[in-house]
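# Can you look at this prediction? I've put the sequence above it.
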Amino acid sequence: MRKTCLLLLLCLPAAAAEGPKPRGVIFLDICSARADHFGAYGYKRDTTPNIDALAGSAALFENAVAMSSWCLPNYSSLFTGHVPEVHGQYVSIPYRGMPGFETTLAERLKSAGYATAAFSGGIYFMRPWGLDRGFDKYVNVFSTSTAAPGTFGETLPGVTEWLDGNKDKPFFLFIAVDDLHVPFQSEDPNMFDPGYEGPVNDPSLRGVPFFRDYNDYLRGALPEDATNYARVAAFAADKDGLAHLTAKYDAALHTADKRVGDFINYLKKSGLWDESVFIVSADHGEQLGEHGLLGHTEGLYEPITHVPLLVRAPGSPAAGKRLKQLVQRVDMMPTVLDLAGVPYGDLQLQGRSLVPLLQNPDLEFRQYAYSSSKRNLPGVSDPLIEERTLRDGRWKLHWYLYKDAYELYDLEHDPLETENLADKRPAELNRLAFELLKQVERARPHAPGLPVDKDFSRTGVSRQRDRY
Ligand SMILES: [Zn+2]
């Protein structure tokens, strides 16, 4: 019997492409989840027991790379299969929305007969940003009164109710989990560092305005900065503060993982677990003090770009294996469409389907992974983050347009990028700089002038462009 199963698995790659399709595809995206804080990725704390168990029956991608440093461009790349330079969703205010030329993942699946639903708690899933396109059911529980993200615990009852009503047809279910976005919401915030008393217990220290001022980005540009600088000083004076902030982040991840466990139990009971594709990933990670940075948006260091990715596909020979190939978030749309058996050749997607890797985990895949970080700041017209990174299996190059500087790191020996080798390794620097130039050329829209229908005049982008 065992031999028969083995033979079947070996035969599966050819059969899977034309074989029965999964009943549904579930994509679970945990905002701000850095890969190295998951047990399955080697973390010291028991943050993610349920997702770690999932790794036993899923393909775990050890080198999954985010497209950008913050939520909106990464979600948009997931839903369009295009890099941020193409979909243009890196300007947060005023609302731009998904461009009309894009066909979203949900739209393509819906037109192929799939029931589609999205549940989320983050601000960028509010409808003006246009991530709702193609979803029959679209629920966002971000609180506009408190500016707090909604948690998976809040959306989970609606998720299971929707599945109960739609599990008899092909379905695509997207869930954005926002427990881990600041302020790091958790059932037991002090579980990993009990007894702490200090400034980190003030929730305003676990927020975007505080992080921005801690990072010294746009010093003094916003009215709330003066108050925040007093908080930054208190935080810097607290020798236990950073460790406790990290513990609160880990506690939020633990709570999110618990809800994932609840959800998996529901899927098992409802009979969907073994017949559906289940994907867990993150839009981007989170800085927890590395390089003097907190949060995300500022920087494309590994805590932000290295994201978890586990793909559980029925019958995949990669189940339980760890894959080292470089893969990117832009690969997810062709992957999901491939797994669902829905064509996408007309969409000119920029990623590559991971299905060949799920069928043969030893295949070569991609030599370079490219990420870009662009961001305006609401109410501030001039400052704009502009950074690009390119990495291969070992080296990673950072290129800052606004600092006119390079950094080069050896990820094999220095995974947290502590020693800049730009001056010591000119051969690697030149090779990656040339490849980065090629990536930038491939990524930019190839038409003269500014992208059509985009008025950048209020964001300062055009002024910034004049400096290049
Ligand atoms: Zn995010």
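That came through fine. Numbers count the residues shown, from 1 in each chain.
# and stretch 362-374, how far apart are its ends?
Stretch 362-374 has an end-to-end distance of 34 Å (Cα to Cα, to the nearest Å).
# Oh, that last question was meant for stretch 413-424, not what I typed.
One end of stretch 413-424 sits 15 Å from the other (Cα to Cα).
# Check stretch 330-344 too.
With Cα to Cα applied, stretch 330-344 spans 14 Å between its terminal residues.
# cool, stretch 200-208 as well?
End-to-end distance for stretch 200-208, by Cα to Cα: 14 Å.
# got the contact list for stretch 402-420?
With contacts defined as Cβ atoms under 8 Å, 6 or more residues apart in numbering, stretch 402-420 is touched by 36, 290-291, 301-303, 383-387, 391, 393-400, 421-422, 425, 428-429, 432-433, 464. C-beta coordinates here come from the backbone N, C-alpha and C atoms, glycine included.
# taking those one by one, which sit in strands?
Pro383, Leu384, Ile385, Glu386, Glu387, Arg391, Trp395, Lys396, Leu397, His398, Trp399, Tyr400 (DSSP state E).
# Of these, keep whichever come out buried.
Leu384, Ile385, Glu386, Glu387, Arg391, Trp395, Lys396, Leu397, His398, Trp399, Tyr400 (16 or more other Cβ atoms under 10 Å).
# What is the nearest of the ones in strands among the contacts of stretch 402-420 to the ion?
Ile385 (15.2 Å; Cβ to the ion).
# I'd say that closest one and Ser373 touch.
Yes: look at Ile385 against Ser373 with Cβ atoms under 8 Å: they come within range, at 5.5 Å.
# Need the residues touching each of the two.
The contact sets of Ile385 and Ser373 overlap at Ser69, Thr297 (Cβ under 8 Å, 6+ apart).
# picking up where we left off before, pick out the most distant pair among the buried ones among the ones in strands among the contacts of stretch 402-420.
The two members of these with the most space between them (Cβ to Cβ) are Leu384 and Trp395, at 27.0 Å.
# Put the alpha carbons of stretch 78-88 into PDB.
Below are the C-alpha coordinates for stretch 78-88, written out as PDB (Å, rounded to 0.1, in the frame of the first residue of the first chain):
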ATOM      1  CA  LEU A  78      -1.000  40.100  -4.700                       C
ATOM      2  CA  PHE A  79      -4.300  41.000  -6.300                       C
ATOM      3  CA  THR A  80      -2.900  42.100  -9.700                       C
ATOM      4  CA  GLY A  81       0.300  40.000 -10.200                       C
ATOM      5  CA  HIS A  82       2.000  43.300 -11.000                       C
ATOM      6  CA  VAL A  83       4.800  45.200  -9.300                       C
ATOM      7  CA  PRO A  84       3.900  48.500  -7.600                       C
ATOM      8  CA  GLU A  85       5.500  50.500 -10.400                       C
ATOM      9  CA  VAL A  86       2.700  49.100 -12.700                       C
ATOM     10  CA  HIS A  87      -0.400  49.100 -10.400                       C
ATOM     11  CA  GLY A  88       0.700  52.400  -8.900                       C
END
